[in-house]
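Chemist: this is the structure alone, sequence omitted:
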């Protein structure tokens, strides 16, 4: 059974940092590209970042570029999101999501999602 | 960036009704569109990918259609478990984007 379990969320002051983790199991993690998607309270879904299976290709949304860093450790079956210079508008539930198989040449849908971890940026 | 617009934002319907949700892209995305269902406090669940392909395990009352810039999600006969929020997602561009969501409420 595919499982994605996020951790590392919490309350942080504006300007602070936080590192999110996503532990994957039930599939060959090193074969799949992964993403982070967030959802502000009461709002819709926003794609945040993408990392290819080998970490050779990485993309960010404009809203987090230069502040967030995505990475992965295939030996540990883990995905990470380092978040620096956090702002109030980064407050959201952060989901890690696995890409599906029938993808375009540029991106993909997400067939498995974690349960999410809440990040609250507030003084 | 590609903008995705869903309509309506809220839809009231009854068990047994046939409902349709529309998603429009600001430019052509071919058939690179997915639909998700989300219930309060839960992660989104994939329903449809590549505009009309039903994800394994998803009931056949869900169907998707469209290509280019206009897409629809249809639920043929609403069940109590279907009341939720639905999102479309384009994955034509490397910067994937979602519609704002359609909340399906019980009438």
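Modeler: It's in. Just so it is clear, the model here is predicted, and its values are computed rather than measured. Numbering: from 1, shown residues only, chains lettered A, B, ... in the order given.
Chemist: middle-most residue in chain B, spatially?
Modeler: residue B:35 (3.8 Å; CA atoms, centre = their mean).
Chemist: contacts for stretch A:16-24, please.
Modeler: Contacts with stretch A:16-24, where a contact means CB atoms under 8 Å, 6 or more residues apart in numbering or on different chains, come from A:2-10, A:12, A:34, A:36, A:77-86, A:94, A:96, A:98, A:114, A:117, A:119, A:121. To be clear about C-beta, it is placed using only N, CA and C from the backbone, and glycine gets the same treatment.
Chemist: show me what residue A:46 is bridged to.
Modeler: residue A:38 (DSSP bridges).
Chemist: which residues sit in contact with it?
Modeler: A:37, A:38, A:39, A:40, A:61, A:63, A:92, B:98.
Chemist: over to residue B:6?
Modeler: Taking CB under 8 Å, 6+ apart, one finds B:21, B:22, B:23, B:24, B:86, B:87, B:88, B:99, B:100, B:101, B:102 in contact with residue B:6.
Chemist: helix or strand for the residue nearest to the spatial centre of chain A, just tell me which one.
Modeler: With distances taken as CA atoms, centre = their mean, residue A:36 lies nearest the centre of chain A, 2.4 Å away. Residue A:36 is located in strand A:34-39, with elements delineated by DSSP states H and E.
Chemist: now the residue of chain A positioned farthest from its centre. Nearest residue, chain neighbours left out?
Modeler: The centre of chain A is farthest from one residue, residue A:123, which by CA atoms, centre = their mean lies 23.7 Å away. Nearest residue to residue A:123 in three dimensions, chain neighbours excluded: residue A:13, at 5.3 Å (CB to CB, 6 or more residues apart in numbering or on different chains).
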